[in-house]
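*Asks:* curious how this folds, go ahead:
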Amino acid sequence: MAKARNLPSQVGEVVEELKALASVDLLGEGRDPATFVGRPFHFDYTRVKILVNDKWKRIVGGIPAGSFLLAAYDGEAGVAEMVLLRVTGPTTLPTDSEVVASMVEYYKEGVDTTPGGPKTPAPGLDSYTRYEFMFSGLECRVLGTFFRDPVGHTLFGADVENFYSAHNYAVYKPKGRVLEYIVNFREGEGVPGGVGQFRLGEVRYSASRRFETGPGVPVYVSAFDFIGKRTALFGMTRTGKSNTVKKLVESTVRISEAGTDSVGQPLPPVGQIIFDVNGEYANANQQDQGTAIFELFSDITARYSILEKPGFQVMRLNFFRELTSGQDMLRSFLAEQDAGYIRSFLSIDLTEPPADDRSAHTRWSRVAGAYQACLGAAGFASGQHRIRFEGQQDLNALAGGINPNQGLAVDQAIQWFTAVWQNYGTNPFFTAYQQQHGHEWADEDLKAALIFLTRQRTPGRNADVVGFRLLMPLREYHTSVGTSYEADILRLLRAGRLVIVDLSQGDPVIQRTYSDRLCRVVFKDAMQQFIENRASNIIQFYFEEAHNLFPKRDDSDLTQIYNRLAKEGAKLGLGLVYATQEVSSISTNVLKNTQNWFISHLNNRDELKEISKYYDFEDFVDSLRTAADRGFIRMKTYSNAFIVPVQIDRFLANRNSS
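*Replies:* Predicted coordinates:
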C-alpha cells in the first residue's frame, strides 16, 4: 500500500504558528527590562563593545558566544530601530588592569608562607570591591538593523545606516517570542507565513546547556530556499548531515505535492535524485529506526543499483547499442592508463555521422564494428545483436568468405577484423587501395580499434599489449537486453519522482562514472528545454561524500559537470545539495555559487579556515572545532540575512499506511 502523508495538517500548523509570530512587536517587546544585559562603551559600523555584569548575565541565563543581542537606542523618542548583534567573545575594559591588580593583592592577603604553617584564607571582600569585580566586557559583531518603514512594517537591513554615542544604547538578550521572531525573519519580506515553510530545529548557542530552561525556540526555513539552489552540508561523519538531508528531502516532497510556489503560482512536481555513495538512503539500516527515506516515500521512490538486488532496478548499459555512453564509461574506468595505444582507443570518435554522407558513414560503421568486436572479445554478451558494415570481396576472402554487408554475429566480426589486421601489412589489396585513393584503407580510429582487438601493435606480429583484456572488469555493468537506465531515470525525475542511486557497491571510478553520466544526461535535457524556451520542472541533486565525486580545489576545468551545475544550474531549474567533511577539497567554483550553508563539527583547522572565508562563519570557528554534538549546526540560508545556530530536529516518521 502507498504511504499516506499527513502533509496538509502539518503545513497548516506551521503556517498558523508563523502567522501568530508575525504579530510580535520587536521594537517594543525587545526592550523587556528582564532581559537587560548591559550598555555599550564602544559602537561603530561593524563592532560593539558592551559592559556587562555577573548579576545581569545570571538573570538572563548566561550569554554564550554566538548568542544574539539587541541594542536599543534610548537617547530620544521616535527612533524606531534596534541593532542586532552577535556575541563573538570577551573584550577588555579600560579598568581591567586595576581590577586584576586588586584581585592579585586580594589573593595574597592573609596567606601564611611559613613552611608547614596554617592555610589562612583571604579575608572577605568588601561590598565596593565585590561590585567592581563583577563587571566584564563583551565584543559583538553588528549584524544589521531592524527598523520600521513609513507604513509601519518592520524591515531588516544587513548594516548600520547611522549610530549614535554608545551611552545612548541599552542592550538586551532576546528570548522566547522575540528571539523566535529574529531567527525566523526573512530578508525583505518579514516573518514568513506562506506555503513551503517547515520546522528545522531549535535555537542552540552552545554545547553546554545548563542555563536553558523552558521550551526551545523553533527555527523555520523555507523549502523554496533550497529547490533550484545550491546547498552545502559540511561536518564530520556522524554529526547529523544525513539527518538534515532527510529533512530537506521531506520538505521538497511537501511543496511538490502542494503544487504551488511561494506566491501561489502552479509548481510542477519536483524531481529528486540522491547519489547514495554509502547506501544509507537506499537501504534500511540500524541508524534509521524506521525513517529510511525509500520506505517513507515508497509510493514515489525508485531505487537503482549497480548490481542485482531485490527491489532495485539495475543500472546497466547495453554497450553494443549505447556506443557513446559505453565508451564514456570505458574512458572513466581506464582514465589512469597512459599507454599510447590505450589513449588512441579511448579517443575513437563513435558519433554516427549523417547517413547522407556515405563516405563518412562507411568509415564510421567499420570503426563501430571493430569497437564492438573488442567488446565481444572481452566477453560482453551480445545476445541477438548483429554488426553491419561495408566490406570488400578481397577482404571477405581473408576471413573465409564472411560478408559483413549481411550482418555478422559478434564472433564473426572478431574473425573478420582479426584476419584483416593479420594481413594489413602484406596483402596487395591495401597497397593498391593507398595508391588509388591517396590514403590508407584504415584510418587512425580503425587502426586503434584493431590494435586493441588483436593486441598487436604491428600487423601480423605477436601480441605485445594487453588490449581488449582491459575491458573484462566492466562486463558486470553490461546488459544485452533492456533500455537505457539513463532515459528511465530522466523520465521519472521529470514526473516529480524520487530516485535513489545506490553506488555503495562500486569502486570510486565506477561511482564517478555513473554520477557523471546521469548528471550530464539531466543537464543536457534541461539545457535543451531552456534553449527551446519550454517550461520544465525543478530537479534536485543530492550528493553524499561529495569530495569523492566533485572536481578538486585546484581543478580549473569549468566544463566539469559539477562546476556547470553550480554555475548554470539555477537558470535551468537544477538544484544541488552536497555533503562532505573535506571542505578544502571542493572546487572553489562550486563553493562560490553556494547559497545555503549548514556547518557542523569540523576537527581540522584547514577545513575551518576554508569555511571562515564565507559570510561571517569566522565567528564560529572555535565552537565548530570543539562542539561535536550531533545535529548542532550553524545555518545560513538564501532568505536569511545572517547565520543562525540551530539544533536540527531528529527526522522522524510521521506517516500512516493507507
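*Asks:* show me where the stretch 551-658 of the chain has its helices.
*Replies:* With DSSP state H, counting those that start in this stretch as the definition, the stretch 551-658 of the chain shows helices at residue ranges 561-572, 588-591, 605-611, 621-626.
*Asks:* and of those, who's closest to Thr95?
*Replies:* Among the helices of the stretch 551-658 of the chain, helix 621-626 comes nearest to Thr95, with 26.5 Å by CB to CB. All C-beta spots, glycine's among them, are computed from the backbone N, C-alpha and C.
*Asks:* report all helices and strands that the closest one contacts.
*Replies:* Using 3 or more CB pairs under 8 Å, 6 or more residues apart in numbering; DSSP states H and E as the contact test, the elements touching helix 621-626 are helix 605-611.
*Asks:* and the helix it packs on, what other elements does it pack with?
*Replies:* Packing partners of helix 605-611 (3+ CB pairs under 8 Å, 6+ apart): helix 621-626.
*Asks:* contacts for the helix it packs on, please.
*Replies:* Around helix 621-626, the neighbours that count as contacts under CB atoms under 8 Å, 6 or more residues apart in numbering are 65-66, 206-207, 599-603, 605, 608, 611-612, 617, 634.
*Asks:* of these, buried ones?
*Replies:* The neighbour-count test (16 or more other CB atoms under 10 Å) marks Ala65, Gly66, Ser206, Ile599, Ser600, His601, Leu602, Leu608, Ile611, Phe617, Arg634 as buried among the contacts of helix 621-626.
*Asks:* pick out the most distant pair among those residues.
*Replies:* Every pair in those was compared (CB to CB); the two farthest apart turn out to be Ser206 and Ile611, at 18.6 Å.
*Asks:* tell me the first helix or strand C-terminal of the helix or strand hosting Thr244.
*Replies:* For Thr244, the host element (DSSP states H and E) is helix 241-258. Read in the C-terminal direction, the helix or strand following helix 241-258 is strand 271-276, with elements assigned using DSSP H and E.
*Asks:* what helices or strands is the next helix or strand after that following strand leaning on?
*Replies:* Scanning forward in sequence from strand 271-276 by DSSP H and E, the next helix or strand is helix 293-296. Based on contacts counted as 3+ CB pairs under 8 Å, 6+ apart, the elements that helix 293-296 packs against are helix 241-258, strand 301-305, strand 498-502.
*Asks:* what average pLDDT does the longest one get?
*Replies:* This means helix 241-258. With pLDDT averaged residue by residue, helix 241-258 scores 89.
*Asks:* with the last one instead?
*Replies:* Looking at strand 498-502 alone, the average pLDDT works out to 93.
*Asks:* next one: the most centrally placed residue in the chain from Glu568, what distance?
*Replies:* The C-alpha lying nearest the average C-alpha coordinate of the chain belongs to Tyr578 (CA atoms, centre = their mean; 1.3 Å). Tyr578 sits 16 Å away from Glu568, going by CB to CB, to the nearest Å.
*Asks:* what about the strands in the stretch 301-450 of the chain?
*Replies:* 301-305, 313-314 (DSSP state E, counting those that start in this stretch).
*Asks:* may I see the ones you listed organised as CSV, with mean neighbour count and mean pLDDT added?
*Replies:* Putting these into CSV (neighbours: other CB atoms under 10 Å; pLDDT from 0 to 100) gives the following:
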stretch, mean neighbour count, mean pLDDT
strand 301-305, 21, 92
strand 313-314, 16, 86
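*Asks:* now those in JSON lines, with distance to Gly379?
*Replies:* Written out in JSON lines, the entries for the strands of the stretch 301-450 of the chain read as follows (distance: least, CB to CB, whole Å):
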{"stretch": "strand 301-305", "distance to Gly379": "22"}
{"stretch": "strand 313-314", "distance to Gly379": "18"}
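*Asks:* which of the ones you listed sits closest to Val178?
*Replies:* Across these, the minimum distance to Val178, taken as CB to CB, is reached by strand 301-305, at 41.3 Å.
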